[in-house]
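>>> Here's a sequence, model it:
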Amino acid sequence: MTDPDEVVAQSQEALHGEGHDYTVGSPHLRHRDLRDVLENKIDSAVSEVVRRTGGCRVLEIGAGHGSFTDVVVRAGGMVTVTEMSRPSTDLLTRRFAGADQVTILYDPDGREAFRRGGTYDLILLISVIHHIPDYLGLIEELIDTLLAEHGSVLTYQDPLWYPKQSRTAMATSWGSYFVWRLGQGEIRRGLKTRLRRLRGTYDDQEPSDLVEYHVIRDGVDQRALKRLFESRFESVSSEEYFSTQLPALQKLGSRLFPPNTFGISGRDARPADRR
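Numbers count the residues shown, from 1 in each chain. You can find the predicted model right below:
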C-alpha cells in the first residue's frame, strides 16, 4: 500500500502545483475585505516584535505561492517558509531569489522545520491546519519546540467545527461550495467527498480526503484549539466570521449569515515552567 505521506505530497503537487490559482478557491485571497484583515494582523504581529527587539524571526507553514510572505518582508521580518509541493517550492525559490530575508524549505513530510531547529518569534499558519489530521498535536509541538519565549502564533481562515454550526450556517456554506464547484467543473469531486463524509468514511489513499481533510473530520474544533492556546499564552484572541468562495455572496453573507470560519492568535508564550 502506498505511504499516506507520499499520497499527501503527490496530491499537493498535483492539485496545488505551479499552475494552480490559489485565489479562485481561497476567500481570504479572493475578497479584499478578508485579505485586508489578515494582512493587517500579520503586519501588526511582525511590526510589534521589530519595534521591541529590532527584528522578527517568522516561520510560515504551508506558504503556497507566497501570498503573505511579502507582508512579512514588508513589515521587517526574516521569514522561513515551508511548502509541501515541489512545484510551489520551485516557484517560491524563483520569486524570492535574492531576498536575503526569505528562506525556502521543501517540506514533503511536514517535518523539515523541526529538523532544521532554531526558534521563531512568530509562527503563521494561514488556511493550513484544516488540511492536517492532528492539527492540535502539530501546533502544540510547534509551540513547545520552535516558538521563542514570549513568541506568538497566528492561525487563520479555518472552518469552524461542523457539529457546532447551525443548520443555516451549514446549508449556506455547503450550498455556496457546490455552486462554486459547479463553476469549476468539479461537482463530482465535491459530491463524492461529501458522500464519504456522510458515511463517516475516510480513505487515506484518496487525494481529496488528504488535501481537504477537514471535510472528513468535521472542520476544526476551535474550542479545543483555544484551550490549547490558553494553556500556552498570556494573551489569546479569536474571531469567527463568514467566508465563501462566491464573490456575490461574500458581502451579503458577512452581514447576514452566521459565521463558518475562524482565526485565533496567541501572544507572549509562557515559559515551560509556568505551564
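
>>> ok, now which ones touch the residue nearest to residue 76 when sequence neighbours are not counted?
The spatial neighbour of residue 76 that comes closest, neighbours along the chain excluded (Cβ to Cβ, 6 or more residues apart in numbering), is residue 50 at 4.3 Å. Using the backbone N, CA and C atoms, a C-beta is placed for each residue, glycine as well. Residue 50 makes contact with 56, 75, 76, 77, according to Cβ atoms under 8 Å, 6 or more residues apart in numbering.

>>> let's go with 10 Å and repeat that
Residue 50 sits next to 56, 75, 76, 77, 78, 121 when contact means Cβ atoms under 10 Å, 6 or more residues apart in numbering.

>>> Same list (those residues) but as JSON lines, adding distance to residue 264, pLDDT and neighbour count.
Listed next are the contacts of residue 50 as JSON lines, based on distance: Cβ to Cβ, whole Å; pLDDT from 0 to 100; neighbours: other Cβ atoms under 10 Å:
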{"residue": "56", "distance to residue 264": "20", "pLDDT": "98", "neighbour count": "24"}
{"residue": "75", "distance to residue 264": "20", "pLDDT": "97", "neighbour count": "21"}
{"residue": "76", "distance to residue 264": "24", "pLDDT": "97", "neighbour count": "16"}
{"residue": "77", "distance to residue 264": "20", "pLDDT": "98", "neighbour count": "27"}
{"residue": "78", "distance to residue 264": "24", "pLDDT": "98", "neighbour count": "18"}
{"residue": "121", "distance to residue 264": "18", "pLDDT": "98", "neighbour count": "25"}
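
>>> from those residues, which is closest to residue 269?
residue 121 (9.7 Å; Cβ to Cβ).

>>> Which element, helix or strand, includes the closest one?
Using DSSP states H and E, residue 121 falls within strand 120-126.

>>> Give the pairing partners of that strand; include direction for each.
Take DSSP bridges as the rule and strand 120-126 pairs in its sheet with strand 57-61 (parallel), strand 147-159 (parallel).

>>> Which secondary structure state does residue 267 sit in?
Applying DSSP: H, G, I helix; E, B strand; the rest coil to residue 267 yields a three-state assignment of strand.

>>> could you say which helix or strand contains the closest residue to residue 112 other than its chain neighbours?
Distances taken as Cβ to Cβ, 6+ apart put residue 105 closest to residue 112, at 4.7 Å, once the chain neighbours are dropped. Element membership of residue 105 [criterion: DSSP H and E] is strand 102-106.

>>> which sections of the stretch 51-200 of the chain are below the confidence cut-off?
Scanning the stretch 51-200 of the chain with the threshold set as pLDDT under 70 gives 174-200.

>>> Okay, helices next: where are they in it?
Remark: helices assigned in the stretch 51-200 of the chain by DSSP state H, counting those that start in this stretch are 69-74, 86-95, 112-116, 135-146, 167-184, 187-199.

>>> Let's have the strands paired with strand 120-126 in JSON lines, adding mean neighbour count and distance to residue 46.
Below are the strands paired with strand 120-126 laid out as JSON lines (neighbours: other Cβ atoms under 10 Å; distance: least, Cβ to Cβ, whole Å):
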{"stretch": "strand 57-61", "mean neighbour count": "25", "distance to residue 46": "6"}
{"stretch": "strand 147-159", "mean neighbour count": "21", "distance to residue 46": "10"}
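
>>> Need these in JSON lines (columns: distance to residue 110).
Shown next, in JSON lines, are the strands paired with strand 120-126 (distance: least, Cβ to Cβ, whole Å):
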{"stretch": "strand 57-61", "distance to residue 110": "8"}
{"stretch": "strand 147-159", "distance to residue 110": "15"}
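
>>> Great, nothing more from me.
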